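Enquirer: no sequence on this one, just coordinates:
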């Protein structure tokens, strides 16, 4: 068993195939970072998604991309074929100064339901839930 694990695990880890779980975890961590920045600076921060990529923004300027930790570019491109669907009207999540998720880019209108982001690839999907009122992301 040890020999098989020693041979198989590196092959799986070196695969160039996009990993749905890893990409979903990265997006969830970037959402947590946006929330942390909003609470730390008392300024709304958010993540917006469009055409296979997403970026961090500050205040009510969703078109101005800011850098995210661990990323080389200001915009994070998802692997080919991977999509993100938001349950909110716009493909944007904004956190106010208290860390509450909001439905507007100014961070003044708290969500009335949980926001659910569905990350999909090749027929599989994972979800990220942003809890209304608290912004908790399990």
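Expert: Structure's in. What do you need? This one's a predicted model, so the numbers in the text were calculated from it and none came from an experiment. Residues are numbered from 1 along each chain as shown.
Enquirer: Buried residues in stretch 54-63, which are they?
Expert: 54-59, 62 (16 or more other C-beta atoms under 10 Å). Where you see a C-beta, it was placed from the backbone N, CA and C, and this is true even at glycine.
Enquirer: Now do the end-to-end distance for that stretch.
Expert: End-to-end distance of stretch 54-63 (C-alpha to C-alpha, to the nearest Å): 11 Å.
Enquirer: do stretch 124-138 as well
Expert: In stretch 124-138, first residue to last residue: 20 Å (C-alpha to C-alpha).
Enquirer: What of stretch 38-45?
Expert: By C-alpha to C-alpha, the extent of stretch 38-45 from end to end equals 5 Å.
Enquirer: List the buried residues of that stretch.
Expert: Those would be 38-39, 44-45, for stretch 38-45 by 16+ other C-beta under 10 Å.
Enquirer: in the chain, which helix or strand is least confident?
Expert: helix 2-13 (a mean of 50; mean pLDDT, DSSP states H and E).
Enquirer: what phi and what psi does the backbone show at the residue nearest to the spatial centre of the chain?
Expert: The chain has residue 27 as the residue nearest its centroid, 2.9 Å off, counting by C-alpha atoms, centre = their mean. Dihedral pair for residue 27: phi -60, psi -40, per degrees, to the nearest 10.
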